[in-house]
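Q: sharing a model prediction with you, sequence too.
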Amino acid sequence: MEEQELVVRMEKISKVYPNGIAANRDVDFSVKKGEIHALIGENGAGKSTLMKILFGLEQPTDGNIYLNGEKVTLASPLVAISKGIGMVHQHFMLVPSLTVAENIVLGMAPKKSGIFIDNKEAVRLTREYSEKYNLHVDPDARVADIAVGMKQKVEILKALVRGARVLILDEPTAVLTTQETGELFQELKNLKEKGFTIIFISHKLKEIKELTDRITIMRSGLSVGVYETDSISEQEISRLMVGRDVVLKVSKTESVPAETVLTVNDLHYINEWDKKTLNGVSFAVRSGEIVGIAGVEGNGQRELVDILFGLKLPASGDARVSGQSLIGLPQARIRHLGVSYVPEDRMTFGVAQTASIQENVISDRYSRKEFNNGPLFNMKSLHKESDKLIVDYAVLCKSRSQEVGMLSGGNIQKVVVAREFSSDPILIIADQPTRGIDVGATELIRKRLVELARAGCAVLLVSADLNEVMELSDSLIVMYNGRIAGYFDDGKWDDVMMGEYMLGLKSQSDEEIRRACHA
Amino acid sequence: MRDRRMILFGLVRGAAAIAVALAVGAIFIFLSSKEPFTALRYLLIGPFLSFHGGEIAFNTQNFYQVLAAMIPTIFTGLAVCVMFSANQFNLAAEGCVLVGAFTGSLVGIYVNMVTGLHAVVCVLIAAAVCGLIMLIPSLLKVKLGASEMVTSLMLNFVLLYVVLHFLNYHFADRSKGATMTFPFLESSKIPSLVPGNSKLTWGFVIALIVAVVVWFFMYRTRWGYAIRMIGINESFSLYSGMNVGGTIVLSSVFGGVLAGMGGSIEVLGRFNTFQWRELPGYGWTGITIAILAKNNPAAVPLAAFFLAYLNKGCQLMATHSDVPSEMIDIIQATIFLFFAAEQFMSGFRQKLVVKTTREELKKMESVNVLEEESGHASTTV
Amino acid sequence: MLQQLYESIFRADFLFAIIRITAPILFAALAAVIAEKAGVVNIGLEGMMMISALFGFLIAYWTQSWAIGVLGAMLIGILLGLMMGFFSFKLKTNIILSGIAVNMLGAGGTIFLLHMFTGLRGNTGALVSPNILIPTIDIPLINKIPILGEMLSGHAILTYLAFILVVVIRVFLYKTPLGLKMRAVGENPSAASSVGVSVLKMKYIAIAMSGALAGFGGAFMSMYYSQGWNQGMVAGRGFIALAAQAMGRGEPVGAMFSSLLFGLAQAMKTKVSGLRGIASYNYLIEMIPYVVTIIGLVVYAISIKRRARRHQLKPVKE
């Protein structure tokens, strides 16, 4: 491989975040001029961090970056842009009230008579690029009024107008419909022909096979290999991607599922960009079992959980706990039915950071009789409750009055879990319960989940950590593209098989999937 | 240890803010006055000590006046505390003081009742009316998402003009030169607490009791707890199953009740007729007090005292020297700005945090080693 | 009675008064508009106007030049804006609170400063002389037209400036690169910074411009409207301006119309006080703009909410 052929060469890149998480470890990554290069890996594999470094949003702790053979320091996105790197973020960086042309020239608007925006020139420029690269947009339309696929074109044009020769696209198809995806691919191939280099981040194997020339696969902050797309099968990619490293073993007994606690019936959800993100999901969770939901993030799990806990309303369908529909109920009523929820975003939903540990563990039960004497709190029983929870869940702290925000991530999650697991729930929805926390806390939380299930609780475990779902679940649902792609209740699953379902290579028949409803 | 250090840091920071403000005040005094030392003396120690040819004595009347001045501001300070605790920038306490004072006055003039009960009824009716008024901005916020800051600001003017209208055209005593109501019935007046003309009434005691009650409400009841949690993190509260909208309305209504009490107790204690023709400004002072008290009701009387003391000092300074009393606004604004500045002295704070964290890490190292070993033990490859 | 009202309202001098009364509110409303566009709530307008009114007048007195006075007022406004910016963007004081602090300075601090600089208490009546007041100008040709001429001609230079600034600011916000960047920062800061626009810089510029406009408003008050500075002079116009901004949906032209509504209400109030029969409604008339603002906010909030709800409960599309 000749040196000048490589537009981007990242050498031994390491990134350690201030909280101690090593997102990249000695990653080598290089892209040839004029290719479409796929960067693939599970959530948390480190691909976003690597691309943020390339776009100047993050600084590497170690390692060198070469652009066209020349060593560079990318101190900010501005520097990266000036060196010909453009990024299309997953969440669009557009100003809704501005027109397409205005968004495209923002920060570099052409002027006339020295002070005014030359709107004609901006529109002309937009038209010129849009025609040259076959990215058809209406320069005068307001961004707020155009469709998602169009917004993405605007983002790509924004990068091109700024002189980008290397385009990074972060999961560009996640928000697109099938037709829009097809269109995007045509446009990207077109750009490739014109000599542009494209880095394409995705989870979707079919798309990668269809579109890209080479693939870099990442796992746990490492690059596990670079392949010519044609020389590797989808099965192999999926094996490399989800291959397991270290597994925390949790001893657990055989589950004895009893009565059905949660039934989900034909849920549909359409998101704010008119994309159908849940498409007829039905399953049931019985008391005494842990049902795991595996899947690459963004395949409907988020929406499912939000609907179950009253944070979103479905377009149609129903979800019932003990026969009572959850749809449209306020959280207080949902909790009253015996549902507990460990939220994915613990800092936003899980805790009030500047409040004390005590104030955080009682947030779902503070109005119960046992904690109140008439109008006043019964401080004694509140203290007793919080002290008990602190001990039970081994929260490492000085006292119950310590601010939660002062604790470590693992201990914050223990506070959340202490509250959610101790309210005598009949159903626990655990959403990424151990993401980003230390080994000790992870182990404790997993152990408690199993204990609760065996004591008769129904557990719905949603996790992007494949090892976690595979280890803990009694039966397993794989979600892909807003639907259930597979249901497994025999305990015989492995990462290769999971990978194939998660990435949409395989899916079960409707009959097989219907077994998830136990009806 | 970290917590204790942070409390200490908070105190140092507050003292620094006050010191900066007083220094700013002193600079202005030296710039503007021919007798800066006299001015400073009256400003700083005048409220309590009087000077008669070298004789220094404790001045009881001044002291009483300082306490009397705290009565309305304790109430508005508490009102703002309750509303700001729920993260509601509701500024209508200002208008509620006026309406509370006016309503209380009307009941005090036109309703006949026995002494003792009469004043209580005046205050309660004023409180109820103001509580109802606060439903407007809070319901608009909760039901429609309209900014409570703008609606409450507008509401202040609406309330002002409504009061002026009724004062001028329905309840004015036409026999008087200035616009005022008929005199309050004696039975409705809040009695004096001490002899003399200081206007220190039983209202002061009530204010202190209410401060304690509000503290208990905020820190020892389920409603106060919900208000505080919503103020810290609304999403968390919603997810925990709290009634977020209802609690926000509750906090605003309670704020209105407190402001209404403050207004009525102030007029019925201090005056013989109602003659306010503009917004009294106690609502804004209440905001300063709430900021100084960091939304803690227990600290409100202290903050109110501090401001009343400063105010009296400024008045005395104006009487006895060539510096105008409005100096207080400059000092107050400076304190306010620095107190509310999260990043003021943040460098110092950061150093403290780093230092404390290091120490804690050292202490916890042994614990960590143990933890990690147990973690590895259960890890299989 | 209504006849009387009718006659006194549809007269050129009444329309003239509306324009005169509207001008200072309009300056402040434009100040609110420009700050809000960059995502900054400037609740300190009231104080900014008071302080710049005082210094504008004093500077004019010292230099015996109204023009330098107006410039001085503008500069003081800018400085106050930057001070608010420093506390809020750098030291992280909540922007509403730093605005309230500026209002405190405006309320009492001005009286103190006046005394410090001049020894006067409460007002500057003693210092007023015609040459330090903002001159009025007759517009040739237009002043010959009946009614229209009486209404539009003979205003102070700053009155014309206020209305000219509506257009200027609209053009600035929508037709210049800086305005574009400012709106982008107010609407989606991360989008702006992703293309290298400095969010902080834009906010500083916006609040400084807001201060400059409030400074004009202040100068107008002390050097024309009240013919001298006095302590109750601004009388809530800074807050009214916030309402005008909100009611005008944050746009310069909208803010102008809502400012005119406030001007109309105040002019009506003055007129009505002189009339038998309805004189006793003067306060309620003065109240109208505030009620209208609240209603306007409610209508706006409902329309937003409707849009969101329509979205949430969309029928299933296959």
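A: Yes, it's here.
Q: from here on, contacts and neighbour counts on C-alpha atoms
A: OK.
Q: hang on, residue B:155 packs against residue B:92?
A: Yes. Judged on C-alpha atoms under 8 Å, residue B:155 makes contact with residue B:92 at a distance of 6.7 Å.
Q: so between these two, which is more surrounded?
A: The neighbour comparison of residue B:155 against residue B:92 (other C-alpha atoms under 10 Å in any protein chain shown) goes to residue B:92, with 31 against 27.
Q: what residues does that one make contact with?
A: Residue B:92 makes contact with B:134, B:152, B:153, B:155, B:156, B:256, B:283, according to C-alpha atoms under 8 Å, 6 or more residues apart in numbering or on different chains.
Q: between these, which has the most around it?
A: residue B:256 (36 neighbours).
Q: which of the helices or strands spans that residue?
A: Residue B:256 is located in helix B:244-270, with elements delineated by DSSP states H and E.
Q: what does the stretch 51-200 of chain C put close to chain A?
A: C:175-177, C:180-181, C:184, C:187-188, C:190-192, C:194-197 (C-alpha under 8 Å from any C-alpha of the partner chain).
Q: quick one, which of those residues are buried?
A: Among those, those buried by neighbour count (16 or more other C-alpha atoms under 10 Å in any protein chain shown) are C:175-177, C:180-181, C:184, C:187-188, C:190-192, C:194-197.
Q: out of these, which is nearest to residue B:97?
A: Taking C-alpha to C-alpha as the measure, residue B:97 lies nearest residue C:187 of these, at 36.8 Å.
Q: number of nearby residues for the residue lying closest to the closest one once chain neighbours are set aside?
A: Counting by C-alpha to C-alpha, 6 or more residues apart in numbering or on different chains, the nearest residue to residue C:187 once its immediate chain neighbours are dropped is residue A:95, at 6.4 Å. Residue A:95 has 24 neighbours, counted by other C-alpha under 10 Å.
Q: hmm, residue C:186 and residue A:95 touching each other?
A: No. Here residue A:95 lies out of contact with residue C:186, judged by C-alpha under 8 Å, at a distance of 9.4 Å.
Q: which stretch of helix or strand covers residue C:16?
A: Using DSSP H and E, the element containing residue C:16 is helix C:12-37.
Q: who does that helix touch, helix- and strand-wise?
A: helix C:45-63, helix C:148-152, helix C:157-175, helix C:177-187, helix C:199-220, helix C:237-247, helix C:252-273 (3 or more C-alpha pairs under 8 Å, 6 or more residues apart in numbering or on different chains; DSSP states H and E).
Q: give me the pLDDT for residue 139.
A: Reading this off chain A. Here, the pLDDT recorded for residue A:139 equals 91.
Q: actually, chain C is the one I wanted.
A: On pLDDT, residue C:139 comes in at 78.
Q: pLDDT below threshold where in chain B?
A: For chain B, the stretches with pLDDT under 70 are B:1-3, B:53, B:343, B:346-347, B:349-350, B:352-381.
Q: what residues does it have near chain C?
A: For chain B, the residues in contact with chain C (C-alpha under 8 Å from any C-alpha) are B:31-33, B:140, B:144-146, B:150-151, B:153-155, B:157-158, B:161-162, B:164-165, B:169, B:323-330, B:332-334, B:336-338, B:340-344.
Q: now those residues: which count as buried?
A: Among those, those classed as buried by 16+ other C-alpha under 10 Å are B:32-33, B:140, B:144-146, B:150-151, B:153-155, B:157-158, B:161-162, B:164-165, B:169, B:323-330, B:332-334, B:336-338, B:340-344.
Q: inside helices: which ones of those residues?
A: B:32, B:150-151, B:153-155, B:157-158, B:161-162, B:164-165, B:169, B:327-330, B:332-334, B:336-338, B:340 (DSSP state H).
Q: still on that earlier bit, closest to residue B:46 out of the helices and strands packed on helix C:12-37?
A: Closest to residue B:46 of the helices and strands packed on helix C:12-37, according to C-alpha to C-alpha: helix C:45-63, at 29.2 Å.
Q: thinking again about what came up before, list the buried ones in the helix holding residue B:256?
A: Buried, per 16+ other C-alpha under 10 Å, within helix B:244-270: B:244, B:247-270.
Q: which other helices and strands contact the helix or strand following it?
A: With elements assigned by DSSP H and E, the helix or strand that comes after helix B:244-270 is helix B:282-292. Packing partners of helix B:282-292 (3+ C-alpha pairs under 8 Å, 6+ apart): helix B:60-85, helix B:93-110, helix B:300-320, helix B:327-340.
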